[in-house]
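>>> this one's structure only:
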């Protein structure tokens, strides 16, 4: 079975909304989109190339899919490690409203997310990758379908915006497997999901 791997960009206060541009996602009056852009450097680019070098298929939420579909099909450079994979490999979008996706290679899923994503993992040669797609990511966590998380934390606090792990998230334990910090200060940490958290207490020894 293939692995489902989530890559997510967040601020120090956990916001994941509109990392790539001011018009990307303005829900609830959000006006601080594009907060990752000043931190892009060669270290960041190398990490992205590594991730896309392992992909076998993409699984995206509807909002992220629409953002990607408006941009990446216009980039036809075969040497671009991101565009070449996004345009050539299978793309699955979880949606109850999308009926005629215009991006070649797209299949709509979502009637039974647990069953369909499990089947996708089983037949994908390489990683089944989720990029962004916060609402979908939370659903996948709740269904215990996420295997690995690349969490990129940017050195900025926004004070508003949608958060990746909001109140009500399913308690999840993770094991740190890799980490680095880019020259621009982005903390890139990778975790494997291990199940539910364990709990204990710090108690003074008797006497």
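Received, thanks. Because the structure is predicted, anything quoted here is derived from the model rather than measured.
>>> Distance check, residue 24 against residue 153.
19 Å (Cβ to Cβ, to the nearest Å). All C-beta spots, glycine's among them, are computed from the backbone N, C-alpha and C.
>>> in which helix or strand would I find residue 129?
In this structure, residue 129 is located in strand 127-131 according to DSSP states H and E.
>>> which residues sit against the helix or strand following that strand?
Once the chain leaves strand 127-131, the next helix or strand it forms, by DSSP H and E, is helix 134-142. By Cβ atoms under 8 Å, 6 or more residues apart in numbering, the residues outside helix 134-142 that reach it are 4, 6, 8, 16-17, 59-61, 63-64, 94, 113, 117, 130, 146, 162, 164-166, 169-170, 172, 193.
>>> cutoff 6 Å now
With Cβ atoms under 6 Å, 6 or more residues apart in numbering as the test, helix 134-142 has contacts from 6, 16, 61, 94, 130, 146, 164, 170, 172.
>>> could you give me the average pLDDT of the strand holding residue 129?
For strand 127-131, the mean pLDDT works out to 97.
>>> Turn the contacts of helix 134-142 into TSV, columns for secondary structure, neighbour count and distance to residue 200.
Formatted as TSV, these follow (DSSP: H, G, I helix; E, B strand; the rest coil; neighbours: other Cβ atoms under 10 Å; distance: Cβ to Cβ, whole Å):
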residue	secondary structure	neighbour count	distance to residue 200
6	strand	26	28
16	coil	22	30
61	strand	23	36
94	strand	23	37
130	strand	26	32
146	coil	23	25
164	coil	21	26
170	coil	12	20
172	coil	17	17
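>>> Just give me the closest of those to residue 197.
Closest approach to residue 197 among these (Cβ to Cβ): residue 172, at 7.1 Å.
>>> Please state the offset of the strand holding residue 129 from the chain centre?
Its chain's average C-alpha position is 7 Å from that of strand 127-131, according to Cα atoms, centre = their mean, to the nearest Å.
>>> packing partners for it?
Packing partners of strand 127-131 (3 or more Cβ pairs under 6 Å, 6 or more residues apart in numbering; DSSP states H and E): strand 4-11, strand 55-61.
>>> Could you list every helix and strand in contact with the first one?
This means strand 4-11. Identification of packing neighbours for strand 4-11 by 3+ Cβ pairs under 6 Å, 6+ apart yields strand 127-131, strand 148-154.
>>> Provide the contact partners of that strand at residue level.
16, 19, 36, 51, 121, 127-131, 137, 145-154, 156, 158, 164.
>>> before we move on, back to that, who does the strand holding residue 129 pair with, and is each partner parallel or antiparallel?
Strand pairing for strand 127-131, determined by DSSP bridges: strand 4-11 (parallel), strand 55-61 (parallel).
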